[in-house]
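Undergrad: what shape does this take:
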Amino acid sequence: MKALVVAPHPFFTPRGTPFSVYYRTLVTAELGVEVDLLTYWEGQEVAIPGVRVIRIPWVPFTAKVPVGPSLKKLVLDLMMFLWTVGLLVRRRYDFVHAHEESVFFCSWLKPIFGFKLVYDMHSSLPQQLSNFEFTKSQLPIRVFERLERTALHSATAIVTICPDLAEQVESQLADTSHHFLIENSIFEDVKLAPASPSSTDETEIMQSVPLAPLVVYSGTFEAYQGLDVLIEAFAEVHRHRPDASLLLVGGTPVQVARYRALADSHGLNGGCRFTGRVSQATARCLSQRATVLTSPRIKGTNTPLKIYEQLASGIPLVATRIHSHTQVLDDDVCFLVEPTAAGLASGILQAITDPDKRETVTRGALELYDRRYARPVYEQKMRNMLELLRVRLAADRRAEGRLDALVDGINGYAFTLVVLALLTPVVMIRPVLMLLTRVTNSTATTVRIRLARRRLAPRVASTVAVD
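TA: Numbering: from 1, shown residues only. Take a look at the predicted model:
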């Protein structure tokens, strides 16, 4: 099969959705699909066998696209639409794998180009408009709700990434057989092209990691991640355990400066370290040195991608008791705490000081990951989705074959009639000529007889008179 993957993101950048796009595309190609991946002009190059990465041209003033809805994304998505049309005109794809908002224009193009459509639903886009406070008007939110419903009903297959989204989707579908819950649960190193060596700064970061007990957060520094609550909580932990350190991995320079000032205001000048953005490999190495991992998110419904890696790490996890986490986590696999400074402080202290509980939750986490989220499980879910597409494509081809047979039959009959119409004069000309000859000969004979009778009539009359 041939597939066009449409990814409206700066690909690759080390954040949630681009990671998801990478692993989806990687496994799709590994399962034998030839892939073209269309994405923004900005991002690191990746090397995935069987995948051709196509970028839209550079657009002024659109660098550093933020997470969530933005005017920059609106401009770039218009370019994505035009390039998608161009690719569909030049190449025939069996299916288009549309990530997030690209499904809106792909669902319009589906009946024109006749491809199968996969909607990879990383989040509910109307919810994003509210969560990121892009607008307070209900009109655009309702428009996006309508667009999302239309996309769900036009998609050949729908992929969701967490149980909450799966429930939302299935509540809107009469038939859920084409819906697949495929969590973003694999996390092997992204293959950059060319592979970027560790920078001098990253090497220095690795060499200056504090000794245990070390509490680590790794991820984006967006407000919903709850880093302000985590820093406040760690100030309380530090009062009980002055030997403990907090390491925050990620963040833009502006974000790092903001949270460093917050840490300083809590008296954590030496107890809280920041790395800024680092490579995936460095972030993983830093997390592996942790005594405790944290996910202090304070709002949201989608499960963070890093949760699955934390489950498989063998290191105890402290996570807030919100729906974003509890749809995957429970008290048997991590330290679940209230999303407050006091709750996080209590959970971190217990994770540092209670070895029996640490052993219990890390063992439960590893068992849960192996049973429900490991790579073989992920691959099987992807295989099931691709098999559905193959079945639908085969059914279409059979229908096209029957239609072609019918058309061929009609064309055959029509051809026969045309041939007969053309051959009839040729075939019938001899009998017609023979008939015309006979009629002509008969007519000529009749005429001669009549003429002969007219000539003989006077003679017969004179002979009778003499007698």
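Undergrad: my read is that I205 contacts S279, right?
TA: No. With contacts counted by C-beta atoms under 8 Å, I205 stays clear of S279, the gap being 10.5 Å. Glycine gets a C-beta too; all of them are placed from N, C-alpha and C.
Undergrad: quick one, helices of the stretch 251-400 of the chain?
TA: Counting by DSSP state H, counting those that start in this stretch, the stretch 251-400 of the chain has helices at residues 253-265, 280-288, 306-311, 323-326, 341-353, 355-372, 375-466.
Undergrad: and the shortest one, which residues are buried?
TA: Judged by neighbour count using 16 or more other C-beta atoms under 10 Å, the buried positions of helix 323-326 are S324, H325.
Undergrad: pull it out as CSV, backbone CA atoms only.
TA: Extracted C-alpha coordinates of helix 323-326, given in CSV (Å, rounded to 0.1, in the frame of the first residue of the first chain):
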residue,chain,number,x,y,z
HIS,A,323,-8.1,12.2,34.8
SER,A,324,-5.2,12.7,32.4
HIS,A,325,-3.2,10.3,34.6
THR,A,326,-5.8,8.0,36.3
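Undergrad: change the start of the numbering to 38 and stick with it
TA: Sure, I'll start counting at 38 from here, so that last one is helix 360-363.
Undergrad: quick one: average pLDDT of that helix?
TA: For helix 360-363, mean pLDDT rounds to 96.
Undergrad: repeat for the last one
TA: Confidence over helix 412-503, taken as the mean pLDDT, stands at 70.
Undergrad: now the first one
TA: With pLDDT averaged residue by residue, helix 290-302 scores 96.
Undergrad: pull out the buried positions in that helix.
TA: Quick answer for helix 290-302 (16+ other C-beta under 10 Å): Q292, V293, Y296, R297, L299, A300.
Undergrad: against which helices or strands is that helix packed?
TA: Where contact means 3 or more C-beta pairs under 8 Å, 6 or more residues apart in numbering; DSSP states H and E, helix 290-302 is packed against helix 264-277, strand 282-286, strand 309-313.
Undergrad: can I get those in CSV including mean pLDDT?
TA: Formatted as CSV, the helices and strands packed on helix 290-302 follow (pLDDT from 0 to 100):
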stretch, mean pLDDT
helix 264-277, 97
strand 282-286, 96
strand 309-313, 94
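Undergrad: go through the ones you listed and pick out the most buried.
TA: Comparing the helices and strands packed on helix 290-302 by mean neighbour count (mean count of other C-beta atoms under 10 Å), strand 282-286 ranks first with a mean of 23.
Undergrad: read off the pLDDT value for the closest residue to R326 other than its chain neighbours.
TA: Distances taken as C-beta to C-beta, 6 or more residues apart in numbering place V246 nearest to R326, at 5.5 Å, with adjacent residues excluded. pLDDT, V246: 82.
Undergrad: kindly report the same for E239.
TA: E239 carries a pLDDT value of 76.
Undergrad: what is the neighbour count of A84?
TA: A84 is flanked by 12 other residues according to other C-beta atoms under 10 Å.
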